[in-house]
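Participant: A structural model of the following input is requested.
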Amino acid sequence: MKLPFLPNHDDSSFFDFLTQHHPALTPTGRSGFLQAQASGEPMRGGGAMNVPHATTVLAIKYQQGVVIAGDRRATEGFQIAERRIEKVFKIDDYSAMAIAGAAGPCIEMAKLFQVELEHYEKLEGVQLSCEGKANKLGQMVKANLPMVFQGLVVMPLYVGYDVKRTEGRIFK
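Facilitator: Presented below is the predicted three-dimensional model:
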């Protein structure tokens, strides 16, 4: 089957194209669910569908530690805002952080978190424990709450190697 030509418009979306021309290829396999989502009305044949939307960051714990990864694209709705954005940051020799949410505040929080830990280490002469780092990040997320009400959400995924427990840990 030959697909119709997709004109190059600034507002064009591959997902919209599939919904219009090949609804069976959409996640639900039904046509018109975008209109149902936009209007808040139930879809034909069922209730309103929750369309998943989020960045892709993940962490996997294994025997010797933990692995963290993230995609490179920043999106705004169904559009790609940036094709190559850094979403995973090395915090120190034992920890890393992946970001999800509003790109600017997320990157700012990751960099500030790095500086906070370096500052603590210089003042105290020791590194924070893995749990201490997670608690510090939690305080930073809580301090960001007023920005959340403005739509600037920051959702970090923090991983670290806990030298006391000799295992990788994931904090979300």
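Participant: This structure: helices as residue ranges?
Facilitator: Under the criterion DSSP state H, helices of the chain are mapped to 14-21, 33-39, 103-124, 130-143, 145-148.
Participant: Turn those into a markdown table, including mean pLDDT and distance to residue 170.
Facilitator: In this view, the C-beta of every residue, glycine as well, is placed from N, C-alpha and C. Compiled in a markdown table, these are given as follows (pLDDT from 0 to 100; distance: least, CB to CB, whole Å):
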| stretch | mean pLDDT | distance to residue 170 |
| --- | --- | --- |
| helix 14-21 | 70 | 31 |
| helix 33-39 | 44 | 32 |
| helix 103-124 | 92 | 16 |
| helix 130-143 | 93 | 10 |
| helix 145-148 | 83 | 22 |
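Participant: Can I get the ones you listed in a markdown table including mean neighbour count?
Facilitator: Conversion of the helices of the chain to a markdown table gives the following (neighbours: other CB atoms under 10 Å):
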| stretch | mean neighbour count |
| --- | --- |
| helix 14-21 | 14 |
| helix 33-39 | 14 |
| helix 103-124 | 15 |
| helix 130-143 | 16 |
| helix 145-148 | 12 |
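Participant: Generate JSON lines for these, with distance to residue 163 as supplementary columns.
Facilitator: Below are those laid out as JSON lines (distance: least, CB to CB, whole Å):
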{"stretch": "helix 14-21", "distance to residue 163": "45"}
{"stretch": "helix 33-39", "distance to residue 163": "47"}
{"stretch": "helix 103-124", "distance to residue 163": "14"}
{"stretch": "helix 130-143", "distance to residue 163": "7"}
{"stretch": "helix 145-148", "distance to residue 163": "31"}
